[in-house]
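**Q** with the sequence up front, the predicted model follows.
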Amino acid sequence: MTTSHSSGPALRPDPEYLKAFAQIMSRIERALGPKRPARPVAVCVAGGAAMHFYTGERFSNDIDAKILARVMLDPRDLQVAYRGDDGHARLLYFDTQYNDSFALLHHDAYHDARPISVEGVDSRRLEVKLLTPLDLAVSKLSRFSGQDQDDISALARTGLIDAAALRRRAEAALPDYVGKLDRIRTSIDAACRLVATAGRKR
């Protein structure tokens, strides 16, 4: 069972997905070594995994996450097979190649990320966090594929983001963005229209 350490919307992960996720996080904690670090090592989950926690929609096979410390990981140890509640066999793995360098991301995104408790993981050693729904939406603006647009709409349909807040957060992130500003501004405008439309359909 996963619960939030802070106030926020209810989380909706599939129970079997959650067990697989917890196994992977416990293995990352084990990779930290036997000693408790002076301060917890944070791992901030983004992408489809964070989407699934917030909305219960779409299963992502990979966990996109940034570990805010240097940790030696063996990719072979970071995948778990499980069976979803639909009866289908699934594989979940931690993407060791995940790179957020080219994403639009507010400079406070990891600081503001939402801590969650994960069964079998000592939060005094490994602090598991989810990007907030707002920062999750912002992170999808740089690529802004069809899947990213669907995810942004899903966050809006469930009442987790609104257009005004999305625009403020995204525009505040622009000074640190390394891509083409004209293109990202177009994505921001389009995303805000998607959110407004999805909000009206709630």
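**A** That came in fine, so what should we check first?

**Q** buried stuff in stretch 109-119?
**A** A109, Y110, A113, R114, P115, I116, V118 (16 or more other CB atoms under 10 Å). The way it works is simple: take the backbone N, C-alpha and C, and place the C-beta from them, glycine included.

**Q** out of those, which sit inside helices?
**A** Counting by DSSP state H, the part of those found in helices is A109, Y110.

**Q** which two from the buried residues of stretch 109-119 end up farthest apart in space?
**A** The largest separation in these, counting by CB to CB, is between A109 and V118 at 20.0 Å.

**Q** tally of neighbours for the closest residue to K140 other than its chain neighbours?
**A** The shortest distance from K140 to any non-neighbouring residue, by CB to CB, 6 or more residues apart in numbering, is to D148 (3.8 Å). Burial measure for D148: 18 neighbouring residues, criterion other CB atoms under 10 Å.

**Q** please, where are all the strands along this protein?
**A** Counting by DSSP state E, the chain has strands at residues 3-4, 41-45, 62-63, 65-67, 79-83, 89-94, 114-117, 126-130.

**Q** who wins for proximity to Y54 among these?
**A** strand 126-130 (7.3 Å).

**Q** so what strands line up beside the closest one?
**A** Sheet pairing here is set by DSSP bridges, and for strand 126-130 it gives strand 41-45 (parallel), strand 114-117 (antiparallel).

**Q** just the residues contacting the longest one, thanks.
**A** To tie it back to what came earlier, the one meant is strand 41-45. Here strand 41-45 makes contact (CB atoms under 8 Å, 6 or more residues apart in numbering) with 25, 28, 32, 53, 63-69, 71, 109-110, 113, 125-131.

**Q** same question for it, mean pLDDT?
**A** Taken as a whole, strand 41-45 has a mean pLDDT of 97.

**Q** could you list every residue that touches the residue positioned nearest the centre of the chain?
**A** Central residue of the chain (CA atoms, centre = their mean): A46, 2.1 Å from the mean position. By CB under 8 Å, 6+ apart, the contact list for A46 reads D64, A65, K66, Y98, D100, L131, L136, S139.
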